[in-house]
Every structure is written in C-alpha cells, then in structure tokens.
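1. Prediction below, plus the sequence it came from.
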Amino acid sequence: MSENYVPASKVYTRNGEVVADTIWPEGMQRVAMAVEYNGAEFHGFQTQPGGVNTVQKALETALSTIAAEPVTLVCAGRTDAGVHATAQIVHFDTLAKRPERAWALGTRAHLPPSVAVRWARNVMPQFHARFSALSRTYRYLLSDRESYSSLTHDRVTWFNRRLDVELMREGAACLVGEHDFTSFRASQCQARSPVRKIHHLHIVRRGDLIVLEVQANAFLHHMVRNIVGVLIAVGAGDVAPSWVAEVLAARDRSAGGITARPFGLYLVSVDYPEHFNLPEVAPGPLFLAEPVGGFAAPEN
C-alpha cells in the first residue's frame, strides 16, 4: 500500500477497512493473529474454488469452530503454493467473545501440524492486516551444497553450483530504493503500479546456507522469487553484477532470469504503526536467530 494512501469514507463490511465515519456494529470484535505455516502442503494462502487445500481454508475452518459462527479473514500478504511464513498477520471480525488465549490455543487445536498460531490479540477496528502494514520482510533460503539435502527439500532451495555471495551483493545493491519493478513481476500480477520501495536487501552465507533478506513497503507477485532468480545467475558467474541494473531498467519481465522455486521463501515479518501495540516475535525460521535487519554486517 502506498505510503501516501488516504482512505475515503467507508460503510462497514466484515473484515473491511474502518475509517472515522464508519459505523462499527455493536458487539463486533476485530481480532489479529500471527500465523506460522509450512506452505509445502498447501496450494497457497488464499481460498480457491473447488475446495483445494489452502492455509486460509484451514484457518477459517478452525476459527469457525472456536467462534461457533462462520469466520472469514484477511491476511497481510497472500503467499503462493509452496511458500512458507513464520509471522503472517491476519485479522477477522466476529461477534463471538473469547479470551485472546482461547483464540490462540483453541484455534491451534483444530489446525493441521503444518499451521500454528503464534499469538492472538483483540485490536481496534482501525487495524487492517493488509492496509495498515508499513512494510513486509521476506527471507529466502538457498543452499549450494554439493549434494542435495533430503531433510530440507521443501524448505530450502538447492542450487547445484557454488555461488559467490559477494557478487550477489554487488548486483543486488541497485535494487534498494524506490523503482519500477516491472522486470521482476509475474505476468499475472494484478497490482495497479509496479513501483515498490525496497528498504534493504541483505545477503549472507552461513556455511552451505545462503540467506537473502529483503524488506519493502510492499511486493509484486513473484517479485522476491524473480529477484533471487536473477541473483543466482550473478552468483554462479553466468552474468556480471551489472546485469541486475540492466534487467531493472528494461522494465520487461522477459529481460530477467528464472523464477526461483517457492520452497526457500518465507514471509517472516510485517511491520505496523506502534499504536496498534502488536506483540513482537522472532522472525525465524526457527534455526535463524537474527532479528530483521540482523544480516546487515555479514560474516562469511
């Protein structure tokens, strides 16, 4: 959402945006949650026709059981099939009155092992999981170990050639800031504008694991995976780091490289204004202790 976005007058709709003149229904409560999930088992986050298995479907089914009424929800950012999250933020409106602990623990009891609720919080009606977000942070986990790892096949993307992290950093530098990211958006992307602002893009090596952390005000469809695809080509020595700037300037998806596989991608943090007073949790995944921005001074 644009930093200059100013909402217009709005009539209440369930889970919708609430502004000063919106009449809030009596007895209605807005609840926010942080959700962690292994996306390998799902066809993405968003509910889809035909009853396919999605994270949203699993959450809404569990929440409806706890609320004893139908519950629908809104998320901070829709993730694709195979993509994971350690701190996806959702919200929903409900007439059911439950303690925050009951929303967290009770919902968890009705979810598959691949989905967990990290916290639940009653929030003011003006909070919106998507529109209130100031930034989102993703981490992409990539391994260039000589042999494929069976233990992380759906959690880390494997590349079969050694990657030069210094070259990847050099190439990535031009992406930081506000740019037209048309060359890094999927053809089916529905965003009205291709302009996004990347706050930071850190790349570090931890043994055979390479971690790319990127924070932006918002992301286009496949934007992170397309950035990683370009940087893999740079790290492998197939192209010079200057090629990244050429791809960016082309404003043409066909000028870029491959779309990296989804399994290494994690939504790890969504930032909101402090007055919403949301709990803070470690971004993870669990085996990465660094906070958001903690890879700024990399160690090789």
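-> Sure thing, it's come through. What you see is a predicted model, and the numbers here were worked out from it, not measured in a lab.

2. residues in contact with the spatially closest residue to Val230 that is not a sequence neighbour?
-> With CB to CB, 6 or more residues apart in numbering as the criterion, Val230 has its nearest non-adjacent residue at 4.6 Å, and that residue is Gly257. Every residue, glycine included, has its C-beta placed from N, CA and C. Gly257 is in contact with Asn226, Gly229, Val230, Ile232, Ala233, Val247, counting by CB atoms under 8 Å, 6 or more residues apart in numbering.

3. Report the separation between the fourth one and His153.
-> If you measure Ile232 against His153 using CB to CB, to the nearest Å, the figure is 18 Å.

4. out of the two, which sits in the busier spot?
-> Taking neighbours as other CB atoms under 10 Å, Ile232 and His153 compare with Ile232 leading, 22 against 12.

5. May I ask which helix or strand encompasses the more buried one?
-> helix 223-235 (DSSP states H and E).

6. how about that helix: buried residues?
-> 223-235 (16 or more other CB atoms under 10 Å).

7. and if you look at stretch 198-210?
-> Ile198, His199, His200, Leu201, His202, Ile203, Val204, Arg205, Arg206, Leu209, Ile210.

8. Tell me which two of these sit farthest apart.
-> Within these, two members stand farthest from each other by CB to CB: His199 and Leu209, at 23.0 Å.

9. mind checking how far stretch 227-240 is from the chain centre?
-> 23 Å (CA atoms, centre = their mean, to the nearest Å).

10. Kindly apply the preceding question to stretch 159-168 instead.
-> Worked out by CA atoms, centre = their mean, stretch 159-168 lies 24 Å from the chain centre.

11. Likewise for stretch 112-132?
-> Worked out by CA atoms, centre = their mean, stretch 112-132 lies 14 Å from the chain centre.

12. And the helices in the protein?
-> Under the criterion DSSP state H, the chain contains helices at 55-67, 100-101, 107-109, 165-172, 223-235, 242-250.

13. With adjacent residues omitted, what lies nearest to the residue positioned nearest the centre of the chain?
-> Compute the mean C-alpha point of the chain, and by CA atoms, centre = their mean the closest residue is Leu267, 3.2 Å away. Among residues not flanking Leu267 along the chain, Ala85 sits closest, at 4.1 Å (CB to CB, 6+ apart).

14. Mind listing the residues bridging to that neighbour?
-> Tyr37, Leu267 (DSSP bridges).

15. neighbours of it, just the number please.
-> Other residues close to Ala85 by other CB under 10 Å number 28.

16. Surely it touches Tyr37?
-> Yes: checked against CB atoms under 8 Å, the pair Ala85 and Tyr37 is within contact range at 5.5 Å.

17. Between the two, which contacts overlap?
-> Joint contacts of Ala85 and Tyr37 (CB under 8 Å, 6+ apart) are Val55.

18. circling back: between the helices of the chain, which gets nearest to Thr137?
-> helix 223-235 (10.2 Å).

19. Determine the set of other helices and strands touching that closest one.
-> For helix 223-235, the packing partners by 3 or more CB pairs under 8 Å, 6 or more residues apart in numbering; DSSP states H and E come out as strand 135-143, helix 165-172, strand 195-206, strand 209-216, helix 242-250, strand 265-271.

20. 10 Å - rerun?
-> When contacts are defined as 3 or more CB pairs under 10 Å, 6 or more residues apart in numbering; DSSP states H and E, helix 223-235 packs onto strand 135-143, strand 157-158, helix 165-172, strand 195-206, strand 209-216, helix 242-250, strand 265-271.
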